[in-house]
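Visitor: I need the structure of the sequence given here:
(2 chains)
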Amino acid sequence: MAAEKAPEIDGVAEVASEVAAGDPPAGDPAGSTAEPVIVAHDLGVKYSLRFTRKTTLHRTFTNLLKRQDGPSDFWALQHFDLELRKGQSLGVIGPNGAGKSTLLQVLAGILTPSQGTVEVRGAISSLLTLGAGFDQELTGRENILLAGAFMGLDHREMEARMEDIIAFTDIGEFIDAPIKTYSSGMRARLGFSIATSVDPDVLLLDEVLSTGDQLFRAKSKARVLELVTSAKAIVLVTHDLQWVTEFCNRAILLEHGATVSAGEPTAVVQLHQERMEEERQRKVAEIRRYGGVVSR
Amino acid sequence: MSATTPDAAFHSSATRPGPIGLITEGILDIWSRRRLIRYLVRADLKKRGTDTLFGNVWWVIDPLLLMIVYVVMVTVIVQKTDPDYPLFIFCAILPWKWFTASVTDSIGSVSGQERLIKQLHFPKVVFPVASTVSEIAGFLFGLIPLFTLMLLFYRDRFSPWILLIPAVAFVQFFFTLAISFLFSAVNVFYRDVANVSRHFLRLWFYLSPGLYSLKQVDKIAAQNPIVGQLMALNPFATFFESYRNVIYNGTGPLWGHLAGWLLASLAIGALTLLFFKRTEPSFAKVL
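Guide: Numbers count the residues shown, from 1 in each chain, chains lettered A, B, ... in the order given. Presented below is the predicted three-dimensional model:
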């Protein structure tokens, strides 16, 4: 159960927002008596628009002088509640910019909540994007060790898994060549093999199934299914709605950082499709209003 | 709270450790990820060895060329210089190059890892530490031209004191690390730290007794006490003078000052590490 804590002011960000409990997720299809693995309560993630990657001293000073009053914060996720139990796999769907990736990042511990709490019990593996930590000059073998060290795994453990990872990657003697000589497909395969070599309790997946060639895609799908069956819980972010209806026993539809619907995957996916269609119709109407031609 | 956390990972907007807790956490981060730091250092050294035609040879030639530039410049402007002037300034160029290279590397060390930081939860403090550690190699390579220079031209300046170079370097390392924590974190929020620091560092060098001796500063300080007080606040007055003592003068380093700067560096390092840990949660958002 989530500890009942009043949402407090973020250490770095500043605006305290009012306490408002979001709607608790509806239906709890599978294993409502099993132990909870992820508990999120009134979760919120706020981005400050004052600091972006392009901020310079010059910009800050001019902003100070001009006293710009525009919005200084943006909530990528707000009033989000979730209780995921052992054996559940949750599909998160929604349009671009709905806060899906932010949700995964906060579950993975990459982002600290600006509001509320999140508790994840057990080892997490986040297959967000593959091969982010690769060093171009190092060989495949050295990069496996480097990636393991980034993930905080013991090097002996990583060395023990080495051969399995290499076998799954299937890139032959390239494993001893620097990564810079790899094709993008080879790099993705190595990344996928490393990320899935750990056996986590909680698996976070973000659109990882579209890497590599067809053979590898089939192979990786099988590997993910294997992990799905062995992991305690899964959170999957994808645009592939078929995955959600096929492999998830729960689904959430996110829009503008808030839960629109939660429950049975087929129902949630259907709602999402209806809303997407509505949105498309609205856009078409707008294009027509500006005298544009809608191409089919 | 890494990829494999045996216990529950609990993230809350409300729970934040206090200053002491954060500093301890930072030190534990570095210790527990020492192997990662080692891998990063190795990768960095490998990169620099293969990037250029001469590879590591540049680490030897570079300080020599810099020395020649300064010798020409200063002898033209001042005319009367300290005896064995090339060696005199080499004692300052070598540690200064180490310091600036470490700081410059650290500045971009966190902001350059944008992709990884957004995708994995791990202690970001490994980056400035790895940058600072890997620059030790540059300093070590710089000792080759130093000893060559001394063997060829200044053999009579050798003394057993020269073995104390690591003692001075030890203190300088902790001071450098303290600065690296700060700059690497600030650069995430303000991308022009690199531009500002370049000029700031150059000014700092000219204000330190590198091209001139501390005695010359003392002369000015006799009329203008503020100069002397400011110089006492400059760690590189102590470092340069100590290196020069053990290499050039054949005497001991400034033990008292060094001890003072070691303590000060640890204190500053604790504060800058605290700053780093405080800002760390927002790195993934800003980048």
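Visitor: count of neighbours near A:Asp164?
Guide: 11 (other CB atoms under 10 Å in any protein chain shown). No exception for glycine: its C-beta is placed from N, CA and C like everyone else's.
Visitor: name the element it belongs to?
Guide: helix A:155-169 (DSSP states H and E).
Visitor: just checking, next helix/strand downstream of that helix?
Guide: By DSSP H and E, the next helix or strand past helix A:155-169 is helix A:184-197.
Visitor: and the helix or strand following that next one, what other elements does it pack with?
Guide: Downstream of helix A:184-197, the next assigned helix or strand under DSSP H and E is strand A:202-206. Counting by 3 or more CB pairs under 8 Å, 6 or more residues apart in numbering or on different chains; DSSP states H and E, the packing neighbours recorded for strand A:202-206 are helix A:100-107, strand A:124-127, helix A:214-230, strand A:233-237.
Visitor: Relative to the whole chain's centre, how far out is strand A:202-206?
Guide: Chain-centre distance of strand A:202-206: 7 Å, with CA atoms, centre = their mean, to the nearest Å.
Visitor: For it, which outside residues touch it?
Guide: Applying CB atoms under 8 Å, 6 or more residues apart in numbering or on different chains, the contact partners of strand A:202-206 are A:37-38, A:100-101, A:104, A:107-108, A:120-129, A:224, A:227-228, A:231-238.
Visitor: Bridged to A:Val118, which residues?
Guide: Taking DSSP bridges, one finds A:Ala40, B:His11 as the beta-bridge partners of A:Val118.
Visitor: For it, grab the count of nearby residues.
Guide: For A:Val118, using other CB under 10 Å, the count is 26.
Visitor: Point me to the residue of the stretch 101-250 of chain A nearest chain B.
Guide: A:Gly152 (2.6 Å; CB to the nearest CB).
Visitor: element containing that residue, please.
Guide: Going by DSSP H and E, A:Gly152 is not in any helix or strand.
Visitor: wait, doesn't it sit right on B:Leu120?
Guide: No - using CB atoms under 8 Å, A:Gly152 is not in contact with B:Leu120; the gap is 9.2 Å.
Visitor: mind checking which helix or strand B:Ser242 is in?
Guide: Here B:Ser242 is assigned to helix B:235-244, by DSSP H and E.
Visitor: picking that back up, which of A:Gly152 and B:Leu120 has more neighbours?
Guide: The neighbour comparison of A:Gly152 against B:Leu120 (other CB under 10 Å) goes to B:Leu120, with 24 against 19.
Visitor: circling back: now the helix holding A:Asp164, how far from the centre of its chain.
Guide: 25 Å.
Visitor: Residues in contact with that helix: which ones?
Guide: So helix A:155-169 is contacted by A:140-141, A:144-145, A:148-149, A:175, A:186, A:189-190, A:193-194, A:196-197, A:219, A:223, B:35 (CB under 8 Å, 6+ apart).
Visitor: can you give me the helices for chain B?
Guide: In chain B, the helices defined using DSSP state H lie at B:19-32, B:34-51, B:57-78, B:85-111, B:114-117, B:126-153, B:165-189, B:193-206, B:214-223, B:225-232, B:235-244, B:255-286.
Visitor: when you scan the shortest one, is anything in it near chain A?
Guide: Yes - for helix B:114-117, a contact with chain A is found by CB under 8 Å from any CB of the partner chain, at B:114-117.
Visitor: So for that helix, mean pLDDT?
Guide: Here helix B:114-117 scores 86 as its mean pLDDT.
Visitor: Over to the last one?
Guide: Model confidence over helix B:255-286, given as mean pLDDT, is 94.
Visitor: right, is that helix up against chain A?
Guide: Yes - against chain A, helix B:255-286 shows contacts by CB under 8 Å from any CB at B:278-279, B:281-282, B:284-286.
Visitor: So which residue is dead centre in chain A?
Guide: A:Leu104 (3.2 Å; CA atoms, centre = their mean).
Visitor: about what we covered before: could I have the buried ones of the residues of helix B:255-286 next to chain A as PyMOL selection syntax?
Guide: Applying 16 or more other CB atoms under 10 Å in any protein chain shown to those, the buried members can be selected in PyMOL as follows:
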select buried, chain B and resi 279+281+282+284+285+286
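Visitor: Rebuild the residues of helix B:255-286 next to chain A as TSV, extending it with distance to A:His256.
Guide: Putting the residues of helix B:255-286 next to chain A into TSV (distance: CB to CB, whole Å) gives the following:
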residue	distance to A:His256
B:Arg278	30
B:Thr279	28
B:Pro281	23
B:Ser282	22
B:Ala284	21
B:Lys285	18
B:Val286	22
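Visitor: Kindly provide the distance from B:Ser159 to A:Ala251.
Guide: B:Ser159 is 76 Å from A:Ala251, where distance means CB to CB, to the nearest Å.
Visitor: err, A:Gly292, not the other one
Guide: 34 Å.
Visitor: Among these two, which residue is more densely surrounded?
Guide: Using other CB under 10 Å, the more surrounded residue of A:Gly292 and A:Ala251 is A:Ala251, with 27 against 10.
Visitor: residues from the stretch 151-287 of chain B in reach of chain A?
Guide: So far as CB under 8 Å from any CB goes, the stretch 151-287 of chain B lies against chain A at B:189-192, B:196, B:278-279, B:281-282, B:284-287.
Visitor: Where do the strands of the stretch 1-150 of chain A begin and end?
Guide: A:36-48, A:73-85, A:89-93, A:115-120, A:124-127 (DSSP state E, counting those that start in this stretch).
Visitor: Would you format these as CSV with distance to B:Glu135 and mean pLDDT included?
Guide: Converted to CSV, the strands of the stretch 1-150 of chain A look like this (distance: least, CB to CB, whole Å; pLDDT from 0 to 100):
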stretch, distance to B:Glu135, mean pLDDT
strand A:36-48, 33, 87
strand A:73-85, 38, 88
strand A:89-93, 44, 90
strand A:115-120, 38, 88
strand A:124-127, 32, 74
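Visitor: Distance to A:Val269 for those - can I get that in JSON lines?
Guide: Listed next are the strands of the stretch 1-150 of chain A as JSON lines, based on distance: least, CB to CB, whole Å:
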{"stretch": "strand A:36-48", "distance to A:Val269": "21"}
{"stretch": "strand A:73-85", "distance to A:Val269": "18"}
{"stretch": "strand A:89-93", "distance to A:Val269": "7"}
{"stretch": "strand A:115-120", "distance to A:Val269": "25"}
{"stretch": "strand A:124-127", "distance to A:Val269": "22"}
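Visitor: Select, out of those, the one closest to B:Ala43.
Guide: Nearest to B:Ala43, of all the strands of the stretch 1-150 of chain A, is strand A:124-127, at 22.6 Å by CB to CB.
Visitor: Tell me if the closest one is near chain B.
Guide: Yes - under the criterion of CB under 8 Å from any CB, chain B is reached by strand A:124-127 at A:124-126.
Visitor: from the stretch 151-287 of chain B, which residue is nearest to chain A?
Guide: Taking CB to the nearest CB, the stretch 151-287 of chain B has B:Pro281 as its residue nearest chain A, at 4.0 Å.
Visitor: Help me confirm that that residue comes into contact with A:Ser114.
Guide: No - taking contacts as CB under 8 Å, B:Pro281 lies outside contact range of A:Ser114: 9.5 Å.
Visitor: ok, back up a step: looking at the strands of the stretch 1-150 of chain A, which is nearest to B:Pro128?
Guide: strand A:36-48 (23.0 Å).
Visitor: list the helices and strands the closest one packs on?
Guide: Right, strand A:36-48 is packed against strand A:73-85, helix A:100-107, strand A:115-120, strand A:233-237, helix B:255-286 by 3+ CB pairs under 8 Å, 6+ apart.
Visitor: Turn the helices and strands packed on strand A:202-206 into JSON lines, columns for distance to A:Leu203.
Guide: Below are the helices and strands packed on strand A:202-206 laid out as JSON lines (distance: least, CB to CB, whole Å):
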{"stretch": "helix A:100-107", "distance to A:Leu203": "11"}
{"stretch": "strand A:124-127", "distance to A:Leu203": "6"}
{"stretch": "helix A:214-230", "distance to A:Leu203": "6"}
{"stretch": "strand A:233-237", "distance to A:Leu203": "5"}
